[in-house]
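J.: Below are the sequence and a predicted model; questions follow.
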Amino acid sequence: MNGKNIEEIKAAFPIEDAETAAYERGINAERERLKELDSLAGVERPLDKRAAIIVRAKYEEPQDARDVAMELLRAVTGAAALEARKADASVIDAVLTPLNGGPSAREREEEAETKVAEAINGMRGYK
């Protein structure tokens, strides 16, 4: 090797630069492959904010799932998200309440109707 030490060889042949370049080329090729597959499925144009966040994390500014999940949570805050959560909770409540020994949604509705009828009858003088 003509008296060259390992440091001189590394300096003459910067393998790390070649490895980094090859790695980056591989990443970019994989992103392009995924974009092409997504375009076949019609995913290249996200319709909502959440899908846009995921597409950006996949192709433009790579992020891990944890960071994307936090960003998605932040994106769905607001009045519409709160109303959607309330609607989801009411469905769950209607299912779980009878399972936990409480009245079902229909039973609660009937109880409210009975109370209204009793109040009206009380105003009319009926018992």
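T.: All right, it came through fine. Numbers count the residues shown, from 1 in each chain.
J.: ok, T77 to G125 distance?
T.: Here T77 is placed at a distance of 52 Å from G125 (CB to CB, to the nearest Å). Every C-beta, even on glycine, is put in place using the N, C-alpha and C of the backbone.
J.: Compare these two (neighbour count), which wins?
T.: A count of neighbours by other CB atoms under 10 Å puts T77 above the other of T77 and G125, at 9 against 6.
J.: what kind of secondary structure is that one in?
T.: Taking DSSP: H, G, I helix; E, B strand; the rest coil as the rule, one finds T77 in the coil state.
J.: again with R31
T.: Classification of R31 using three-state DSSP returns helix.
J.: what's near enough to touch it?
T.: Contacts of R31 were listed using CB atoms under 8 Å, 6 or more residues apart in numbering, and they are 58-59.
J.: Report pLDDT for it.
T.: Reading off the per-residue confidence, R31 sits at a pLDDT of 86.
J.: E44 now?
T.: For E44, the predicted pLDDT is 60.
J.: which element follows the helix or strand bottoming out on mean pLDDT in the chain toward the C-terminus?
T.: One helix or strand of the chain scores below all others by mean pLDDT, DSSP states H and E: helix 79-99, with a mean of 68. Under the assignment DSSP states H and E, the closest C-terminal helix or strand after helix 79-99 is helix 105-124.
J.: Please export the C-alpha coordinates of that next one as CSV.
T.: Taking Å, rounded to 0.1, in the frame of the first residue of the first chain, the C-alpha atoms of helix 105-124 are listed here in CSV:
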residue,chain,number,x,y,z
ALA,A,105,-81.0,5.2,25.7
ARG,A,106,-84.6,4.2,25.1
GLU,A,107,-85.3,3.7,28.8
ARG,A,108,-83.9,7.2,29.6
GLU,A,109,-86.1,8.7,26.8
GLU,A,110,-89.2,7.0,28.2
GLU,A,111,-88.3,8.2,31.7
ALA,A,112,-88.0,11.8,30.4
GLU,A,113,-91.4,11.4,28.5
THR,A,114,-93.0,10.2,31.7
LYS,A,115,-91.6,13.1,33.7
VAL,A,116,-92.9,15.6,31.2
ALA,A,117,-96.3,13.9,31.1
GLU,A,118,-96.5,14.0,35.0
ALA,A,119,-95.5,17.6,35.0
ILE,A,120,-98.2,18.5,32.5
ASN,A,121,-100.8,16.4,34.4
GLY,A,122,-99.8,18.2,37.6
MET,A,123,-100.4,21.5,36.0
ARG,A,124,-103.9,20.3,34.9
